[in-house]
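In: sharing a model that was predicted from the sequence below.
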Amino acid sequence: MYPKAAEDRIIPICKRLILSLALIAPAAAGASVDPRSAMHTYAQARLADSDGALALAVTHYGEALARDPDRVEIAQRAYVQALESGDKALALQSAALLDQAGLLPRDGTLLRIGEALEQRNWIAANTLVDRMEQEGNFAFIGPILRSWIAAGEGQKITLAIDPQDRFAALAQRYVDEHQALLALNEGDIEGTIAPLRRAITIRPADALLRLSFATQLAARKAKAEALLLLPPNDAHFARARTDIARRRVKASPLTPAQGYARLLARLATDIGSDRDGVGLALRLARIATFADPGSFEHRIVAARLLTVAGFAAAALAETDKVPPGWYSAIAQAERVDALAADGQMDAALALARTLAAEPDAEPERHVRLGRLLAERRDFDGAAAAFRAAQARFGDADPPWSLLLFEGSALEQGKRWDEARAVLERAAALAPNEPVILNYLGYAQIERRQNVEAALDLLKKASALKPQDPSITDSLGWAHYVTGNVKAAVPVLERAAAGAPSDVTINEHLGDALWTAGRRYEARYAWAAASVYAEGDVAARIAAKAKEGLKPEYAAP
């Protein structure tokens, strides 16, 4: 449900004009434009690219590359778009051209490793791993890849990481899973258990990891071990538990290409947790689907990243490739997010309600429903969904995050007294979580309630997370509300420096500067706030920029 942040996904008028001029400039100079030329087709691809029409863009890039295979700029765009769209043939073609020109991106080496493993070309695979290690970016996965290549060659080498390696801690995050998979391939159930437990400890909430190992264990008649991975009374695992109980599971040992795909999918999940890494994460997930096209797990990871990257239609197409079965419940959850991101909110809500209503629906389903309801401004419904998520924990305390979700919904739904009680419970459970302290403190500052106590909460939140602009703003505004303008201004200036386009922060800074007598600077801050302000907020900022700060124009 997040738009892609990359600049070339935005559609500013100037960019579209530049691309359009690329089409008409030759004609303007008196030359005729050949609609079959590579550059004409490339311009069409760029326009489709700017419009977010991924499939059409890839088609045009492929045509342009076929017409002029020596043009590097076409190959560069074709490479990225082919990976994002899942066009394996075009990705390999453009990667080969870029490699010849010495311009292959580092993830292109990973693409070529996957191809070598699929072809069981162990010599080429080892050579490419050497290259990957020399390039440096992904060198930490080298020992894992060499273990899979050795397995493909019929050899066995111990998969271990040198503790003195500077990337040892990072590599170890992935080693345990592959130690377990390689042991499973050899039929060594006993040797699988210890590394598998460590892998689950690193990713306890990863349902895909649990399902994939349960498949392999059950297929080797390790029924009890498989069921231990799948908690009962959890809708995600209901079908799998039934099938394992009835001994209906078949699975072949993983090939080196499939083991490699697992590794890339896990990397993609980790890298994609940072918004700045979504582009790379999506490319890794696509390479995983190339290396193991039959894996539903990798399709789901790709769908999730496509949604975050702004390609909701492509994400929906990926979820369509996951049939009813063990993975379908997780795929449908990703489909909810893709539908919402695609603007199909009614369909997203309907599916979210269906999933949340299933027996033993896990908390995640209720949270997803709650967030959609909150977007629809049905805050009462959202709060109820978040309470339903908490109910799954029985008599135990729920995670503080679920209480924060509920408290937020209640607060936005104008049920402050209830919200405050829920937020205070969250703060009691997690007294050092800056997000809770900030929310509870700021909500009270907004209402001018318990101002001194709220200020203390915000001071603590800021001390715990001093680089967070929103928390810094809350603290600065609390100083302002309590009449300490001298203390407020430098704190709000620091917040604005950390988030220069934030409307609320700049408005707060403007109000504080005006009160401090720095009126020119105040108008500058309000001008910065007005760039992205909308509705009543924009009208309020415009009024005080024109007339100065009056009581009726003060920020809430």
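Out: Yep, that arrived.

In: mind listing the helices for the stretch 401-550 of the chain?
Out: 416-429, 434-446, 451-464, 469-481, 485-498, 503-515, 519-530, 535-547 (DSSP state H, counting those that start in this stretch).

In: wait, doesn't residue 132 sit right on residue 142?
Out: Yes - the pair residue 132 and residue 142 passes the contact test of CB atoms under 8 Å, sitting 6.7 Å apart. Placement of C-beta: from N, CA and C, glycine included.

In: quick check: buried residues in the strand or helix carrying residue 241?
Out: Using DSSP states H and E, residue 241 falls within helix 238-245. Of the residues in helix 238-245, 238, 239, 240, 241, 243, 244 count as buried by neighbour count, 16 or more other CB atoms under 10 Å.

In: where does pLDDT dip in this protein?
Out: Across the chain, the stretches falling below the confidence threshold (pLDDT under 70) are 1-58, 60-66, 68, 70.

In: residue 220 against residue 187, yeah?
Out: Yes - with contacts counted by CB under 8 Å, residue 220 reaches residue 187, the gap being 6.4 Å.

In: these two: who's more crowded?
Out: It is residue 220, of residue 220 and residue 187, that has more neighbours when counted by other CB atoms under 10 Å, with 19 against 11.

In: so who does the more buried one touch?
Out: With contact taken as CB atoms under 8 Å, 6 or more residues apart in numbering, residue 220 is in contact with 184, 187, 189.

In: just residue 331 next, same as before
Out: Going by CB under 8 Å, 6+ apart, residue 331 touches 296, 299, 300, 303, 319, 322.

In: same check, this time on residue 287
Out: By CB under 8 Å, 6+ apart, the neighbours of residue 287 are 83, 107, 110, 111, 114, 261, 264.

In: returning to that earlier point: and the helix holding residue 241, what does it pack against?
Out: helix 207-219, helix 223-228, helix 328-341 (3 or more CB pairs under 8 Å, 6 or more residues apart in numbering; DSSP states H and E).

In: how about residue 376, phi and psi?
Out: phi -80, psi 0 (degrees, to the nearest 10).

In: now the helices for the stretch 1-150 of the chain?
Out: Going by DSSP H, counting those that start in this stretch, the stretch 1-150 of the chain shows helices at 13-28, 38-50, 54-67, 72-85, 88-100, 106-118, 122-135, 142-152.

In: flag every buried residue along the fifth one.
Out: Read that as helix 88-100. So helix 88-100, judged by 16+ other CB under 10 Å, has buried residues 88, 90, 91, 92, 93, 94, 95, 96, 97, 98, 99.

In: could you give the angle of it to helix 72-85?
Out: 140 degrees (axes from the mean of the first three to the mean of the last three CA atoms, to 10 degrees).

In: check which helices and strands helix 88-100 sits against.
Out: Packing partners of helix 88-100 (3+ CB pairs under 8 Å, 6+ apart): helix 54-67, helix 72-85, helix 106-118, helix 278-291.

In: at 6 Å what do you get?
Out: Helix 88-100 is packed against helix 72-85, with contacts defined by 3 or more CB pairs under 6 Å, 6 or more residues apart in numbering; DSSP states H and E.

In: give me the angle between the helix it packs on and helix 106-118.
Out: Orientation of helix 72-85 against helix 106-118 (the same axes, to 10 degrees) gives an angle of 60 degrees.

In: just the CA trace of helix 72-85, in PDB.
Out: In PDB, the C-alpha atoms belonging to helix 72-85 read as follows (Å, rounded to 0.1, in the frame of the first residue of the first chain):
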ATOM      1  CA  VAL A  72      23.800   0.600 -24.000                       C
ATOM      2  CA  GLU A  73      21.100   3.000 -22.600                       C
ATOM      3  CA  ILE A  74      18.400   0.800 -24.000                       C
ATOM      4  CA  ALA A  75      20.000  -2.300 -22.500                       C
ATOM      5  CA  GLN A  76      20.300  -0.600 -19.100                       C
ATOM      6  CA  ARG A  77      16.600   0.300 -18.900                       C
ATOM      7  CA  ALA A  78      15.600  -3.100 -20.400                       C
ATOM      8  CA  TYR A  79      17.600  -4.900 -17.800                       C
ATOM      9  CA  VAL A  80      15.900  -3.200 -14.800                       C
ATOM     10  CA  GLN A  81      12.400  -3.400 -16.300                       C
ATOM     11  CA  ALA A  82      12.800  -7.000 -17.300                       C
ATOM     12  CA  LEU A  83      13.700  -8.000 -13.800                       C
ATOM     13  CA  GLU A  84      10.900  -6.000 -12.300                       C
ATOM     14  CA  SER A  85       8.400  -7.500 -14.700                       C
END
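
In: just the buried residues of it, please?
Out: Buried residues in helix 72-85, counted by 16+ other CB under 10 Å: 74, 75, 76, 77, 78, 79, 80, 81, 82, 83, 84, 85.

In: tell me the one of the contacts of residue 287 nearest residue 530?
Out: When these are compared for distance to residue 530 (CB to CB), residue 83 wins out at 39.5 Å.

In: any figure for the gap between residue 416 and residue 398?
Out: Distance of residue 416 to residue 398, computed by CB to CB, to the nearest Å: 21 Å.

In: I meant residue 121, not that one.
Out: The value you get for residue 121 to residue 398, if CB to CB is used, is 52 Å.

In: same thing with residue 479?
Out: Distance, residue 479 to residue 398, by CB to CB: 34 Å.

In: more neighbours, the two?
Out: residue 479 (23 against 20).

In: my understanding was that the more buried one contacts residue 487; is that so?
Out: Yes - between residue 479 and residue 487 there is a contact under CB atoms under 6 Å: 4.4 Å.
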